[in-house]
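Chemist: Take a look and give me a structure for this.
(chains A and B)
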Number of protein chains: 2
Amino acid sequence: MTFAFRVETRDGRARTGSFATPHGDVTTPAFMPVGTRATVKGVGPDELRALGTQMLLANTYHLALRPGAELVRELGGLHRFMGWNGPILTDSGGYQIFSLQALTAIDEDGATIRSVVDGAKLRFTPESVMGLERALGADVIMALDHCPSDPSNRPEVEAATERTHRWLARCVADWRAHGGDSTGQALFGIVQGGAFDDLRARSVAAVTAHDLPGYAIGGVSVGEDRAAMRRAVEAAAPLLPAEKPRYLMGVGTPLDLYEAVRCGVDLFDCVTPTRHGRNHQAFTWEGRLNLRNAVHERDPRPLEEDCDCPACTRFSRAYLRHLCMAGEMLAAILLTQHNLRFFHRCMGAMRAAIERGSLLELESCIARAQARGPSAGPT
Amino acid sequence: MTFAFRVETRDGRARTGSFATPHGDVTTPAFMPVGTRATVKGVGPDELRALGTQMLLANTYHLALRPGAELVRELGGLHRFMGWNGPILTDSGGYQIFSLQALTAIDEDGATIRSVVDGAKLRFTPESVMGLERALGADVIMALDHCPSDPSNRPEVEAATERTHRWLARCVADWRAHGGDSTGQALFGIVQGGAFDDLRARSVAAVTAHDLPGYAIGGVSVGEDRAAMRRAVEAAAPLLPAEKPRYLMGVGTPLDLYEAVRCGVDLFDCVTPTRHGRNHQAFTWEGRLNLRNAVHERDPRPLEEDCDCPACTRFSRAYLRHLCMAGEMLAAILLTQHNLRFFHRCMGAMRAAIERGSLLELESCIARAQARGPSAGPT
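Modeler: Residues are numbered from 1 along each chain as shown, chains lettered A, B, ... in the order given. As a prediction, the model looks like this:
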């Protein structure tokens, strides 16, 4: 079996595991950095590997616009194109259909969405998205879903969730017609259901009716508050089949990850560490730092004493602040690297805690990292 | 002697050599990447070393404004601050007095120059600049010079050159009063003289009347044409003492470097490789490429087959073009790395040719690299 998932240890509903892909194994729970346009902003593949990255995410919508999925296929697929020989996951464009609503028109067959590059109209259907993801060649490909714009509007959520199920059936049929996971690509279905426990449960049932290599929880982190997001994950995650990997899309902060891991989630992606890095924010176990804050001006200490990332092993907070204040590119590069390392260390700490059966004890530690540090300042 | 310079081989007036500094030896002729604000834009110190960088330049004016020379001193000096343990040279601010003329007022005692950061007035005198450079702690420090704004205006050039000599005497006195090169800092004097051979010769005589660890040629690459620049170097370089390193400030393209090496110049700095890299231009032995050009769209080849830089060992021209078109940070990072590697390889080729006694034969090769390549396109 190309995409074997094996649960290794459990602590409550949380589990550690190993997800085998054609480009290597992923030790779970794992965080996937976001490489929207076939690059994690400012960080090359060798550096990503050294930071502890196991698997990356790239965005089908953005790559379909530029440089085009066929061009990526012609150049050997996403792995060769971007120089990353580890596992890759591509999303389906469903999130962009949600986030670029002003540019989008949805009908039963699919969605028409304007290009953010040149305004051209693109047609996304379940079948066309499967074709784009085949051309890109990632290890894990996501089904096209309809993410409702307001997770608390029941009629809207219900319609979008039902449509997601119909689109999933078409994605599965197309994927199977092209060989299923024997082609080296695992299709994951996406659970919707908004803020409604019963719709989440109904969506899990519909999505897991298809025997797929993995399942994802979508439609979270779309503007709802943390409690609502947590509740949606709690409603869906425990119902997903225990023997398949569970992926929570687009989440989140360290505490969000921790809470989802406690619900049994295995895979995550989010722009939090990279975007915050470009915005002068550094995550540490003592809280988040805003490197533009004057308190760092003459501070000879690294961001974290025990961190082995390129920023911490070589540079002072004072130097990093100088780079931020001067608008130097190296500021974004180093803070992004530090934040990715921090997120990977968080996941490592969770895996170790699960193995020890002490995940609960990690909560206060993660909550402290989550908090804005004493010197974070306004953001 | 802390700053020993040894000429090793000669080919005509060109020479290879070794310049010993407190932070290691520099094999000459050598190119120094520009790290204006204590960072070579987008490239960290480990990467610089791997690209073949031996010595860096940083700008006293910019660092004096932000973060401030005293702050750098407090954090252990420039080497520790920026994480570069190789040799560093700081300029004196003389070039900024020239390039930021609209912000500057010059008198006999020094120059008053406004900050590009906050508009505050700063006073630069020979003594204050020596103080700033002491605080920064580079291995080589440059004397304050007055670079005339029009190198072909004889009265202006003559006055600026004479003032440069008077300022040099004050710099030398201040440097010696603080211990001279026994403190680990070598002072280099700067030859001016504009486009006039006799003024260049007179300036060489005045500057070399001080027994200093090295000498520089300034006031070139300030807007004059290539022939004028070449003539100024030919007028000054051969007159400088053979047993001391010769540094041509702010030059230039591969062909400029080659021609100056033939005149016996040993050290160079320029923003050409880094700035061109940020502007999508790659230097190759086949000419300069503009990576935004459509001809690269589907090209699976690296920038150069035989280049060992991070861009060429892992990525296609098609991928680099995609990064450029998408405005991704990794484009600037990779093209900057490639261009720096190319410049260091150029210098390596010149050193090898001098050792073989065949520097003349390298000219056509360097001239081809200099040319805009067939696909460079408009710039």
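
Chemist: near chain B, which residues of the stretch 251-379 of chain A?
Modeler: Residues of the stretch 251-379 of chain A found near chain B (Cβ under 8 Å from any Cβ of the partner chain) are A:297-298, A:300, A:310, A:314-316, A:318-319, A:321-323, A:325-326, A:328-330, A:332-334. (C-beta placed from N, C-alpha, C; glycine too.)

Chemist: Now the host helix or strand of A:C324: buried residues?
Modeler: Element membership of A:C324, judged by DSSP states H and E, is helix A:317-325. By 16 or more other Cβ atoms under 10 Å in any protein chain shown, the buried positions in helix A:317-325 come out as A:317-325.

Chemist: Please identify which pair of those lies farthest apart.
Modeler: Within the buried residues of helix A:317-325, A:R317 and A:M325 form the most distant pair, 12.2 Å apart (Cβ to Cβ).

Chemist: Which residue, neighbours along the chain excluded, lies closest to A:G184?
Modeler: A:P22 (4.5 Å; Cβ to Cβ, 6 or more residues apart in numbering or on different chains).

Chemist: If you average the pLDDT over stretch A:138-149, what comes out?
Modeler: Regarding stretch A:138-149, the rounded mean pLDDT is 96.

Chemist: Check chain A for its longest helix and report it.
Modeler: helix A:329-356 (DSSP state H).

Chemist: Let me know the angle separating it from helix B:329-356.
Modeler: Orientation of helix A:329-356 against helix B:329-356 (axes from the mean of the first three to the mean of the last three Cα atoms, to 10 degrees) gives an angle of 110 degrees.

Chemist: what packs against the very next helix or strand once past helix A:329-356?
Modeler: Once the chain leaves helix A:329-356, the next helix or strand it forms, by DSSP H and E, is helix A:363-370. Counting contacts by 3 or more Cβ pairs under 8 Å, 6 or more residues apart in numbering or on different chains; DSSP states H and E, helix A:363-370 packs against helix A:254-262, helix A:329-356.

Chemist: who's in contact with helix A:363-370?
Modeler: Contact partners of helix A:363-370, identified using Cβ atoms under 8 Å, 6 or more residues apart in numbering or on different chains, comprise A:253-255, A:258, A:283-288, A:342, A:346, A:349.

Chemist: any idea of the pLDDT on the nearest residue to A:L335 once chain neighbours are set aside?
Modeler: Spatial nearest neighbour of A:L335, chain neighbours left out: A:G277 (3.8 Å); criterion: Cβ to Cβ, 6+ apart. For A:G277, the pLDDT comes out at 98.

Chemist: Can I get the helix holding A:C324 in PDB? Just the C-alpha atoms.
Modeler: In PDB, the C-alpha atoms belonging to helix A:317-325 read as follows (Å, rounded to 0.1, in the frame of the first residue of the first chain):
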ATOM      1  CA  ARG A 317      17.800  40.100  19.300                       C
ATOM      2  CA  ALA A 318      19.500  43.500  18.800                       C
ATOM      3  CA  TYR A 319      20.800  42.500  15.400                       C
ATOM      4  CA  LEU A 320      17.400  41.000  14.400                       C
ATOM      5  CA  ARG A 321      15.700  44.200  15.600                       C
ATOM      6  CA  HIS A 322      18.200  46.200  13.500                       C
ATOM      7  CA  LEU A 323      17.300  44.200  10.400                       C
ATOM      8  CA  CYS A 324      13.600  44.700  11.100                       C
ATOM      9  CA  MET A 325      13.900  48.400  11.600                       C
END
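
Chemist: Touching that helix from outside, list them.
Modeler: With Cβ under 8 Å, 6+ apart, helix A:317-325 has contacts from A:280, A:282, A:289, A:291-293, A:296-303, A:311, A:328, A:330-331, A:334-335, B:37-39, B:66-67, B:71, B:75, B:81-83.

Chemist: Can you select the buried ones among those residues for me in ChimeraX?
Modeler: Filtering the contacts of helix A:317-325 down to the buried ones (16+ other Cβ under 10 Å) takes a single ChimeraX command:
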select /A:280,282,289,291,292,293,296,298,299,302,303,311,328,330,331,334,335 /B:37,38,39,66,67,71,75,81,82,83
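
Chemist: just checking, which of the contacts of helix A:317-325 belong to helices?
Modeler: A:311, A:330-331, A:334-335, B:71, B:81-82.

Chemist: just those residues now: which is nearest A:L122?
Modeler: Nearest to A:L122 among these, with distances taken as Cβ to Cβ, is A:L335, at 33.9 Å.

Chemist: At the geometric centre of chain A, which residue do we find?
Modeler: Computing the C-alpha centroid of chain A and ranking residues by Cα atoms, centre = their mean puts A:D269 first, at 1.4 Å.

Chemist: so what's that one bridging to?
Modeler: On the basis of DSSP bridges, A:D269 is bridged to A:M32.

Chemist: That one is in contact with A:G35, isn't it?
Modeler: No - the criterion here is Cβ atoms under 8 Å, and A:D269 misses it with A:G35 at 9.7 Å.

Chemist: which residues are in contact with both of these two?
Modeler: With Cβ under 8 Å, 6+ apart as the test, A:D269 and A:G35 both reach A:L57.

Chemist: ok so, going back, quick one: contacts for the residue nearest to A:G184?
Modeler: Here A:P22 is in contact with A:2, A:87, A:139, A:184 (Cβ under 8 Å, 6+ apart).

Chemist: In PyMOL, how would I select just the buried ones from those residues?
Modeler: PyMOL command restricting those to the buried ones, with burial defined by 16+ other Cβ under 10 Å:
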select buried, chain A and resi 87+139
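
Chemist: a markdown table please, covering the helices and strands packed on helix A:363-370 and showing distance to B:Q54.
Modeler: Below are these laid out as a markdown table (distance: least, Cβ to Cβ, whole Å):
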| stretch | distance to B:Q54 |
| --- | --- |
| helix A:254-262 | 42 |
| helix A:329-356 | 20 |
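
Chemist: Put together CSV for these, with mean pLDDT on each row.
Modeler: Shown next, in CSV, are the helices and strands packed on helix A:363-370 (pLDDT from 0 to 100):
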stretch, mean pLDDT
helix A:254-262, 97
helix A:329-356, 98
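
Chemist: and the residue lying farthest from the centre of chain A, what pLDDT?
Modeler: Most distant residue from the mean C-alpha position of chain A: A:R298, 35.9 Å away (Cα atoms, centre = their mean). pLDDT, A:R298: 98.

Chemist: Run through the residues that contact it.
Modeler: A:318, B:71, B:74-75.

Chemist: rerun that using 7 Å as the cut-off
Modeler: Residues in contact with A:R298 (Cβ atoms under 7 Å, 6 or more residues apart in numbering or on different chains) are A:318, B:71, B:74.

Chemist: Could you do A:L136 as well?
Modeler: Applying Cβ under 7 Å, 6+ apart to A:L136 gives the contacts A:60, A:63, A:69, A:72, A:77-78, A:90.

Chemist: how about 10 Å then?
Modeler: A:38, A:58-60, A:63-64, A:69-70, A:72-73, A:77-79, A:81, A:88, A:90, A:185 (Cβ atoms under 10 Å, 6 or more residues apart in numbering or on different chains).

Chemist: do A:T208 as well
Modeler: A:T208 touches A:189, A:191, A:215, A:239-241, A:244, counting by Cβ under 10 Å, 6+ apart.

Chemist: Also A:V7?
Modeler: Per Cβ under 10 Å, 6+ apart, neighbours of A:V7: A:15-18, A:28, A:242-245, A:264, A:266.
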